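S.K.: Okay, sequence plus prediction incoming.
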Amino acid sequence: MKKKMIKSLPLFLFLAMPGVATAQLTYSFYEQSPHNGTSYMNSDNFSFSDCGNCHTADGVTGSWAFASNLFLCTTCHVNESGPPYTLYAAPAMEVHSAVAIADDAKGTLLRGCGSCHHGPTQNDYYHPPQIDHIDPLLTPAIAEGTYTVAGVWDPAEDTTTFAGVQMNVNDSQWNDLSTWNKKTGPERGLMLEVIRDPGYRPRVWYGEIQAASANADGTMNIVIKGQLRNDVFVPYPPGILRVFYGQEVLSRIYTDTTAPSSSSWPSATVRFLGRQDAANNDGLGPNGTDSTPDGICQVCHTTTNYWRADGSGTDHNPGQDCLGCHDHKNGFLPSCNSCHDYPPAIGANDRHKRHTQLGYGCQTCHFETTTNGTDIGATHNNGTVNVSPAPTFPGRPADGSQALSFIYTPADGGGSCSANTCHAYWGYSNPAKWTQNVEMYVVPQISALSSLDTDRVVTLDASRSSCYESVDGVSEDRVCTYTWNFGGSGSIFGGNGQDVIVYRYDNPGNYTTALTMTESTSGKTATGTINATASLVETAAPAIDFTTSITGTMVTLHAAFPAGVQRVYVYWGDRLRSVYSKPATDVMSHTYVRGNRTYNVQVQTIDAAHKMVDYTFSEDADLRVTLP
C-alpha cells in the first residue's frame, strides 16, 4: 500500500497579520522531504520513497494500524548529537507530554505526532490527512515570487541555485534572508517550493534552503539542497517559487478526538509562519486577550495555565518564543536548560562545569526554586540567584544518596559555599569560591607501534594523555585510571599496566583498541580509539659473502649458499642472465662482450618454500665488477 500524495494548484486567501498590512498568502499541499513519496534524494543520501521504511507487516518499525502509528516518528527521531542526519537518526524529538491530564510525571498524550504534523495521519481514513478535502492543508507561505531561469545544479556541492528571482516576504520575522537556512539551527533550513508551468501542467518540487541573499537590484539568490532537473524545471515563464516553514505543520488541527468518528471531530485554524507564531496575542479580545487564538501552542490548550484556546492566559511571557523554554526534545515540558545555557553560566563566568560533569541537576543546589525538586516554585525567575541544598546528592554507586548541606554566603561575583558535605565527600576544596573557573580535562592520546622482532606484538602508549584540573587557568594533575579494550583476544606482554601496555594478539590482523580514562574523584570519563596492527615479523635474509675473480672479460662469481637454496638467478648487468639449478656445485661465470667497464651484478636466490631474496652491490661491494 503506497501513500496517496495530493498536489493542487495554489489557493489564494487574505489574512491580516498584526502590525502588517493585509498580504496575499498562498497555500500548497506540498510534500516535504524527507517525508514524501517521490524519488527525491537529499544531500544526506536518504529519502522516504518507500513506505516500507516506516511501515512493516511484522510491526517491527510500525504496522499499518492507526493506533500503532501514533508515536511511530520517535522510532527515527532519536539523533541528539546533531548533523549529519540519516534515515533512522533524524533530529531527536519527543511526543507531547500530558502532565496536566496524567498521573505520572511526564504523562502520555494519545494524540501522536500527526495531530500537528502532516507526515503521519491523525485519523484512520486519509493519508495524508485532510479536513473536509477543501481547506488548505498546510500553513501559509513565508515568501512567494517568480523565476524565469531554471535553477543551476552544482554537482560538487549537490545544491541547486535560483539566481535573480523576484520574491515578496509576507512575514516580518523572516525579513533577514540570512536566517532562511537556520529555522531551528544552522543545519535546518526553510523549504522552497518550485512550480514549473503553473498555468498548464504544473510540476512541483521541494528543497531545503541552504542559503539566501539579496542582490543590489532587489532580486534574490536562493540555494537549496539536491538537484532539480533543468529539462523539467525550465520555466514556461514565469515559474513560481514559494517559501514555507517546513516540518509540515498543519493549517487546521483537530482539537478533540474523543468522538468515535473523525467526521465529528472539531478543528481549529492554525497560523504558523515561524516560532514567533506559536502563541501570539493580537490584544483585540476582552481585557486585551487574544481575539484570534490560532497559535499552534494555543488551539488545543484548555487546561494549561497560560495561552489557552479561548484567548486567555496571554500575560505569560508575551512576545517570546514558546519553544525557547518548551523544547520539542523535552515533550514541550519546561526545563532549566531551555532558558539557561548549558551549563547555565558560560565563558569567563562559568561556574557550573564541574557539577554538570558529575551529572547533578540544577535542583541539587537551587532546590529553593522548586516546590518538590521537580515543579517550578515561587522563587523561580524572581531576579535573584537562590542557592539552597536539596535533601541529598548522588554519591558513588556503592554508597547511594548522601545527605547534602552547605552554607552559601552571597557576594559580588557569586559568593562562596562552605561546610559543604558534597565537597567533603568528593575530596574537593571547602569552602569553594564561586568566582573560580574550574574545568576538568580527561583527554586520551594513544599510539600503537607494531613490534619489529616479535610476531603479533603491539606497544600501546597513552603516556601523553591528559588528566588534570584547571582552576583559574592554573593546572593541577589529577589521578586517572586506565581501562583497555584491545579489540581481540591475546595477553599482556609487558608495559606498566596503566598507560603503557605491550599486548600480544592471538592472531595477526588489524584491531580497534579503545582506552577509557576515568578521573578517580569526579568520575569523569573519556574514551579514545586507535587502529593496531598485529603483524608477523619477516625473517631476516641470510647473509652471503660474494667474491669475484676476473680474467680478461670473464668474471667468475663465488659464494657459499645456504643449504635451502634451490635455484640462483644471476643478472650480470649487461642485460644477460644465467640460471643455476645446482648452486652448491655450479660454476657461475660470464664473459662480457666489452671490457674497460664497470658492471653491477644482482643475485636472486629461491629456496624450497619459493621465498626469494635479492642481493646487490649495496649489500656486498664485490657484486660491482670493473673489467680491464
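M.R.: Everything's here; your move.

S.K.: those strands in the stretch 201-350 of the chain, which residues are they?
M.R.: Using DSSP state E, counting those that start in this stretch, the strands of the stretch 201-350 of the chain run over 203-214, 220-225, 239-244, 252-254, 267-269.

S.K.: what sits against M93?
M.R.: M93 makes contact with C73, T74, H77, C113, H328, K329, according to Cβ atoms under 8 Å, 6 or more residues apart in numbering. C-beta: built from backbone N, CA, C; applies to glycine.

S.K.: Do you know the pLDDT at Y425?
M.R.: Looking at Y425, its pLDDT reads 76.

S.K.: Repeat that for G313.
M.R.: 84.

S.K.: quick one, what contacts the residue nearest to it when sequence neighbours are not counted?
M.R.: Nearest residue to G313 in three dimensions, chain neighbours excluded: Y306, at 3.9 Å (Cβ to Cβ, 6 or more residues apart in numbering). By Cβ under 8 Å, 6+ apart, Y306 lies in contact with G313, T314, D315, H316.

S.K.: contacting residues for P542?
M.R.: By Cβ under 8 Å, 6+ apart, P542 lies in contact with P562, V613.

S.K.: next one: phi and psi at it?
M.R.: Here is the backbone geometry of P542 (degrees, to the nearest 10): phi -70, psi 140.

S.K.: still on that earlier bit, can you say which of the contacts of Y306 are buried?
M.R.: Among the contacts of Y306, those classed as buried by 16 or more other Cβ atoms under 10 Å are G313, T314.

S.K.: Neighbours of T364, how many?
M.R.: Neighbourhood size, T364 [other Cβ atoms under 10 Å]: 19.

S.K.: show me what contacts it?
M.R.: H355, P389, A390, F393, L404.

S.K.: Let me know the pLDDT of it.
M.R.: In this model, T364 carries a pLDDT of 82.

S.K.: now, which of the contacts of Y306 sits nearest M167?
M.R.: Closest to M167 out of the contacts of Y306 is T314 (32.5 Å), distances taken as Cβ to Cβ.

S.K.: That closest one: what's it in contact with?
M.R.: T314 makes contacts with A279, N281, G288, T289, D290, Y306, W307, as judged by Cβ under 8 Å, 6+ apart.

S.K.: among the strands of the stretch 201-350 of the chain, which is nearest D607?
M.R.: D607 lies closest to strand 220-225 among the strands of the stretch 201-350 of the chain, at 61.2 Å (Cβ to Cβ).

S.K.: between the closest one and strand 239-244, how many degrees?
M.R.: Orientation check (axes from the mean of the first three to the mean of the last three Cα atoms, to 10 degrees): strand 220-225 against strand 239-244 gives 70 degrees.

S.K.: ok, strand 220-225: who's next to it in the sheet?
M.R.: Strand 220-225 sits in its sheet next to strand 159-169 (antiparallel), strand 203-214 (antiparallel), going by DSSP bridges.

S.K.: And the last one, what's buried?
M.R.: This points to strand 203-214. For strand 203-214, the neighbour count (16+ other Cβ under 10 Å) marks V204, W205, Y206, G207, E208, I209, Q210, A212 as buried.

S.K.: hmm, back to that, and T605, which of the strands paired with strand 220-225 is closest to it?
M.R.: Counting by Cβ to Cβ, T605 lies closest to strand 159-169 out of the strands paired with strand 220-225; the figure is 60.7 Å.

S.K.: for that closest one, which positions count as buried?
M.R.: Across strand 159-169, burial judged by 16+ other Cβ under 10 Å covers T159, T160, F162, V165, M167, V169.

S.K.: nearest to T527, of those residues?
M.R.: Proximity of the buried residues of strand 159-169 to T527 (Cβ to Cβ) peaks at T159, which lies at 35.9 Å.

S.K.: what's the nearest residue to that closest one if we skip its chain neighbours?
M.R.: Closest to T159 by Cβ to Cβ, 6+ apart is V223, at 5.2 Å.

S.K.: how far does stretch 440-453 stretch from start to finish?
M.R.: Terminal residues of stretch 440-453 are spaced 40 Å apart (Cα to Cα, to the nearest Å).

S.K.: Residues touching that stretch, excluding its own?
M.R.: Counting by Cβ under 8 Å, 6+ apart, 353-354, 357, 457-462, 464-470, 478, 480, 513, 515-519, 522, 524-535, 537 sit against stretch 440-453.

S.K.: Repeat that for stretch 543-561.
M.R.: Residues contacting stretch 543-561 (Cβ under 8 Å, 6+ apart): 562, 568, 570, 572, 583-584, 587-595, 599, 601, 603, 605, 615, 620, 622-623, 625, 627-628.

S.K.: How about stretch 271-287?
M.R.: The contact list for stretch 271-287 (Cβ under 8 Å, 6+ apart) reads 15, 18, 139-140, 142, 170-171, 173-174, 183-184, 245, 249, 251, 288-292, 294-298, 307, 311, 314, 318, 321-324.

S.K.: And it, what's buried?
M.R.: Within stretch 271-287, the residues that count as buried by 16+ other Cβ under 10 Å are 271-282, 285.

S.K.: Just the pLDDT at V625, thanks.
M.R.: On pLDDT, V625 comes in at 92.

S.K.: and if you look at P186?
M.R.: For P186, the predicted pLDDT is 63.

S.K.: follow-up on the earlier one: just the buried ones out of the contacts of T364, please.
M.R.: Buried members of the contacts of T364, counted by 16+ other Cβ under 10 Å: H355, P389, A390, F393, L404.

S.K.: Turn these into JSON lines, columns for secondary structure, pLDDT and distance to T146.
M.R.: JSON lines is the format used below for the buried ones among the contacts of T364 (DSSP: H, G, I helix; E, B strand; the rest coil; pLDDT from 0 to 100; distance: Cβ to Cβ, whole Å):
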{"residue": "H355", "secondary structure": "helix", "pLDDT": "68", "distance to T146": "55"}
{"residue": "P389", "secondary structure": "coil", "pLDDT": "87", "distance to T146": "64"}
{"residue": "A390", "secondary structure": "coil", "pLDDT": "86", "distance to T146": "61"}
{"residue": "F393", "secondary structure": "strand", "pLDDT": "85", "distance to T146": "63"}
{"residue": "L404", "secondary structure": "coil", "pLDDT": "91", "distance to T146": "65"}
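
S.K.: could you dump these to TSV with distance to S178?
M.R.: Listed next are the buried ones among the contacts of T364 as TSV, based on distance: Cβ to Cβ, whole Å:
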residue	distance to S178
H355	36
P389	45
A390	43
F393	44
L404	47
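
S.K.: Name the nearest of those relative to W484.
M.R.: H355 (29.7 Å).

S.K.: Check the gap between D455 and L449 for me.
M.R.: Distance from D455 to L449, counting by Cβ to Cβ, to the nearest Å: 15 Å.

S.K.: Could you do M191 as well?
M.R.: Per Cβ to Cβ, M191 is found 52 Å from L449.

S.K.: quick one, which of those two is more surrounded?
M.R.: Between M191 and L449, counted using other Cβ under 10 Å, M191 has the larger neighbour count: 23 against 13.

S.K.: if you skip the residues just before and after it, what's nearest to the more buried one?
M.R.: G246 (4.0 Å).

S.K.: Who does H77 form a beta bridge with?
M.R.: Beta bridges link H77 to A90, judged by DSSP bridges.

S.K.: And I492, by the same measure?
M.R.: Beta-bridge partners for I492, by DSSP bridges, are Y503.

S.K.: and it, what does it touch?
M.R.: For I492, counting by Cβ under 8 Å, 6+ apart, the contacting residues are I501, V502, Y503, R504.

S.K.: for G331, same thing?
M.R.: E94, V95, H96, S97, K106.

S.K.: Just put those in a markdown table and tack on pLDDT.
M.R.: A markdown table is the format used below for those (pLDDT from 0 to 100):
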| residue | pLDDT |
| --- | --- |
| E94 | 77 |
| V95 | 75 |
| H96 | 78 |
| S97 | 72 |
| K106 | 47 |
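
S.K.: Can you flag which of those belong to strands?
M.R.: Among the contacts of G331, DSSP state E puts none in strands.
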